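Enquirer: Just need the structure, nothing else, for what follows:
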Amino acid sequence: MTDLNHALRSVMHEHADDAPPPAGLLDRVHTRRRRARRRRATVLSGALAAVVAAVGISVGVARNDPADDRLQVTAPPAESSAPPSPVDVGWLPAGFGEPRAHLYRPGVWMIRASKAGPHAELSIEIGSAKPPTRTSPGAFRRVAVGGITATLYTVPPHPHNSPPFTRYPEAGGPYAELTFQRTPTQWVRIVAWNGNGAVDMELRDDDLIRIGAGLVDRERATVDLYRFETIPPGLRICANLTLSSASHAQVAFCDARTATTPSADYPRVTEGWTSPRSSVSVDSSHGPARQAMIEALGLDSKPVRAGDRSGVIAKQPDGPSDWRWVGYIEVDDGRTVAVEVPDGKLMTERQFTLFVTGISAGKDLGR
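Expert: So this is what the prediction gives:
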């Protein structure tokens, strides 16, 4: 006897006294089975968290298909599905705006803030591996951060690309970098820079040291860039950040079974960003280009809709037997995001359609 048979027998025995007449018994059993499945789905959704089952629609069909009686697990509503930073800011100098946390890649976070008059960018980077540090051509020395030995590297204001500061990011202007091991399993690097040349950031060495000493063990949620109604099985968010401008917002999904990225890929926020070996990417800066690419290549594409938002998905050949899924979808006010799955075998067309049409804008997109 199967587990299902045992479960049905147990349920029917337990509720034998309130059983309906024989004519309605079968319908009641089916109703109870559906309720039990819904209860199990609720429990599973909490346990699975970011890894959810993708169930589907075909293009042009309503997103919720009542005829599909398979187990459905949906992600719980949240402002961000990326893991929060384990560290938060305790103090910042006057003039800096609200700090915002980003997941740079698995296990590495950045908390960023900026100020105007004079302009300065600040990034607090947290990870388990020791980050690479600069020692020249600027000034390098050891300092104490709350009783912990740290290294401090600084470059004074100077004209663009003036020797010896011809290597990016020092070439842009004043630069400072404070690095220390905050706990046995946690490294911190605080970077401040101003790419405007010979302009003083008005950020002292003591300010950086005070920022480092003031860090607290408190979670800070990462930026809420996109909302995802459905995430295909086996995927997790491994990057969630904005880059050089608020208009460039990217979320990357990686296979949950893949090992985390090596420590050599520690962030260098002033030198751009290379996506981790992602399985799926959602990028606000590539939306219009993706639309033009699909049209230019003449790919076999299909329109998709999510309410009044429209988009397109396509299958792009990537060799004799390989392909990738590409597409785009409007998320708000005509803003379009590009979606790409480099390995087309990772999900079916039905799953890709549901994933794309389930993307919407978070409250931090464009900020």
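
Enquirer: Might you report the residue contacts of the residue nearest the centre of the chain?
Expert: Nearest to the geometric centre of the chain sits residue 240, at 2.6 Å (Cα atoms, centre = their mean). Taking Cβ atoms under 8 Å, 6 or more residues apart in numbering, we find residue 240 in contact with 80, 82, 102, 103, 222, 223, 225, 250, 251, 252. The way it works is simple: take the backbone N, C-alpha and C, and place the C-beta from them, glycine included.

Enquirer: Just those: which are in strands?
Expert: Judged by DSSP state E, strands contain the following of the contacts of residue 240: 102, 103, 250, 251, 252.

Enquirer: Looking at the residues you listed, which one is closest to residue 140?
Expert: Closest to residue 140 out of those is residue 102 (27.4 Å), distances taken as Cβ to Cβ.

Enquirer: Surely the closest one is in contact with residue 250?
Expert: No - Residue 102 lies out of contact with residue 250 (Cβ atoms under 8 Å); the separation is 9.9 Å.

Enquirer: Before we go further, the residue nearest to the centre of the chain is sitting in a strand, right?
Expert: Yes - the assignment for residue 240 by DSSP: H, G, I helix; E, B strand; the rest coil puts it in a strand.

Enquirer: Who is it paired with across the strands?
Expert: Counting by DSSP bridges, residue 240 forms beta bridges with residue 103, residue 251.

Enquirer: Residue 352: helix or strand, and which one exactly?
Expert: Residue 352 is located in helix 349-357, with elements delineated by DSSP states H and E.

Enquirer: Return the list of helices and strands in contact with that helix.
Expert: With contacts taken as 3 or more Cβ pairs under 8 Å, 6 or more residues apart in numbering; DSSP states H and E, helix 349-357 sits against strand 301-306, strand 309-317, strand 323-332, strand 335-341.

Enquirer: repeat that for 7 Å
Expert: In terms of contacts (3 or more Cβ pairs under 7 Å, 6 or more residues apart in numbering; DSSP states H and E), helix 349-357 is packed against strand 301-306, strand 309-317, strand 323-332.

Enquirer: ok, back up a step: by pLDDT, rank the contacts of residue 240 and give me the bottom one.
Expert: Minimum pLDDT across the contacts of residue 240 is recorded for residue 80, with 39.

Enquirer: What ranges does the stretch 101-250 of the chain have for its strands?
Expert: 108-115, 120-127, 139-145, 148-155, 175-183, 186-193, 226-228, 235-242, 249-255 (DSSP state E, counting those that start in this stretch).

Enquirer: Most neighbours among the ones in strands among the contacts of residue 240, which one?
Expert: Highest neighbour count within those: residue 251, with 28 neighbours (other Cβ atoms under 10 Å).

Enquirer: Quick one: residues contacting that one.
Expert: 225, 226, 237, 239, 240, 282 (Cβ atoms under 7 Å, 6 or more residues apart in numbering).

Enquirer: The second one and residue 284 touch, don't they?
Expert: Meaning residue 226. No - using Cβ atoms under 7 Å, residue 226 is not in contact with residue 284, being 8.5 Å away.

Enquirer: now the strands of the stretch 101-250 of the chain in TSV, with distance to residue 316?
Expert: Shown next, in TSV, are these (distance: least, Cβ to Cβ, whole Å):
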stretch	distance to residue 316
strand 108-115	31
strand 120-127	34
strand 139-145	48
strand 148-155	44
strand 175-183	41
strand 186-193	38
strand 226-228	22
strand 235-242	20
strand 249-255	18
